[in-house]
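In: structure of the sequence below:
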Amino acid sequence: MGFFSTLGEIVINFFYLIGTFIIELIKLPERIRAGTIRENIKEIFRKWGEIGSADVSKIKIMKKAKIKNISEDDAPIMVKGTRFHPSEKENTILRLQISAVAFITVSILYSLNLISFIIFALLGVSIIFLISYILHYQVRVMYVEDFNAYRDFFIMYIMVGFLIVLVANNPAFSTSFFFAFFPSLSILIFAVIAVVTVFLIFRVRYYRDYTLGEVIEAGKNTSYVRVDYDIRSNVKPDTYIVENNGFKVKENDIVKLAIEGSLFSARGNQPTKIIEIVSKQR
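Out: Sure, this is the predicted structure:
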């Protein structure tokens, strides 16, 4: 998955640069009115040069904080300190999912010659920019340790959209027997296969059989635990009743939860019991 991680960083940083450049262009008239043209141009170029170093600084800060690598099995999904409301996280992931589906849909429409290349390019760039923006400014902060998993997941679906376009416009495929007689159906079937394949690859690569949650009400034998959306364990955001399993937990403790379900469950897996206290409330 190293290829997708590298590609993901390139895509995100590229559209981050584009977004920053656009913002600076919008502010350019105001900056010119506030001072001399030469000084403002120097200021823009200075900010432009700081963009790359800003990302490097963020990486150094994350390393100093000793954040564990995503490949480690015990990488947590929650960070003490900055807190986000569960609905805020859920809405962020929902926007990403809708954007990914929209990009694949636009790719299919273009492959079926239902929209022009200009419309496809405009919509495609806009959607990719939106996905990159959400990943860079929201998901990176909300899911620090699991950012690579979220990034790779949505970048792979962007690649699926481009792959659909390439296959549909490739003479080797378009002139084959099945494509020649059923072009529209063939593109749709290929899109479904590609989406399912990406889903399976992601599940095999990033799946884990536990999730983390926060105790909101502790009982003698069972407790109410709030769990955020966890893409790796396929757990939906909700409040679950779980077995204490012999652990004495208190309100606001962060606990590791065993889950019940399958690797490819479409409805999501269910947290069942506490298997470890990750962080106790003092």
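In: show me the helices in the stretch 101-250 of the chain, by range?
Out: 117-134, 140-142, 147-168, 171-174, 177-181, 183-206 (DSSP state H, counting those that start in this stretch).
In: could those go into TSV alongside mean pLDDT, mean neighbour count and distance to residue 90?
Out: Where C-beta positions appear, they are placed from N, C-alpha and C, glycine not excepted. Formatted as TSV, the helices of the stretch 101-250 of the chain follow (pLDDT from 0 to 100; neighbours: other C-beta atoms under 10 Å; distance: least, C-beta to C-beta, whole Å):
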stretch	mean pLDDT	mean neighbour count	distance to residue 90
helix 117-134	93	17	13
helix 140-142	89	17	10
helix 147-168	90	21	13
helix 171-174	68	12	38
helix 177-181	63	12	40
helix 183-206	83	16	19
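In: those helices into TSV, with extra columns for distance to residue 95?
Out: Listed next are these as TSV, based on distance: least, C-beta to C-beta, whole Å:
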stretch	distance to residue 95
helix 117-134	6
helix 140-142	12
helix 147-168	11
helix 171-174	33
helix 177-181	34
helix 183-206	19
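In: can you give me the neighbour number for residue 220?
Out: By other C-beta atoms under 10 Å, the residues close to residue 220 number 7.
In: for it, grab phi and psi.
Out: When read as degrees, to the nearest 10, the backbone of residue 220 gives phi -70, psi -50.
In: from residue 270, how far off is it?
Out: 22 Å (C-beta to C-beta, to the nearest Å).
In: contacting residues around residue 277?
Out: 247, 249, 253-256 (C-beta atoms under 8 Å, 6 or more residues apart in numbering).
In: out of the residues you listed, which one sits closest to residue 166?
Out: The closest of the contacts of residue 277 to residue 166 turns out to be residue 256 (C-beta to C-beta; 42.4 Å).
In: secondary structure element for the closest one?
Out: For residue 256, the host element (DSSP states H and E) is strand 254-260.
In: helices and strands around that strand, which ones?
Out: On a contact count with 3 or more C-beta pairs under 8 Å, 6 or more residues apart in numbering; DSSP states H and E, strand 254-260 meets strand 210-218, strand 222-227, strand 270-279.
In: what about residue 231, neighbour count?
Out: There are 20 residues near residue 231, going by other C-beta under 10 Å.
In: equivalent analysis for residue 250, please.
Out: 12.
In: got it, and the one 10 residues further on?
Out: As a burial measure, the neighbour count of residue 260 was computed by other C-beta under 10 Å and equals 12.
In: give the contact list for it.
Out: Residue 260 neighbours (C-beta under 8 Å, 6+ apart): 269-272.
In: can you find the helix or strand of this structure with the lowest average pLDDT?
Out: Least confident element among the helices and strands of the chain, by mean pLDDT, DSSP states H and E: helix 37-64 (a mean of 49).
In: leaving out the residues flanking it, which one is nearest to residue 257?
Out: Leaving aside its chain neighbours, residue 257 sits nearest to residue 271 (4.0 Å; criterion: C-beta to C-beta, 6 or more residues apart in numbering).
In: so what's that neighbour scoring on pLDDT?
Out: On the pLDDT scale, residue 271 is placed at 93.
In: in the sheet, who's paired with it?
Out: residue 259 (DSSP bridges).
In: out of the contacts of residue 277, who's nearest residue 141?
Out: residue 254 (18.1 Å).
In: follow-up on the earlier one: from residue 256, how far out is the residue nearest to residue 257?
Out: Taking C-beta to C-beta as the measure, residue 271 and residue 256 are separated by 10 Å.
In: again, but for residue 167
Out: When residue 167 is compared with residue 256 (using C-beta to C-beta), they lie 42 Å apart.
In: tell me the domain boundaries of this structure?
Out: Annotated domains of the chain cover 1-206, 210-279 [automatic domain parsing].
In: picking up where we left off before, looking at the contacts of residue 277, spot the one nearest residue 114.
Out: Among the contacts of residue 277, residue 256 lies closest to residue 114 (C-beta to C-beta), at 48.1 Å.
In: just the pLDDT for the closest one.
Out: 92.
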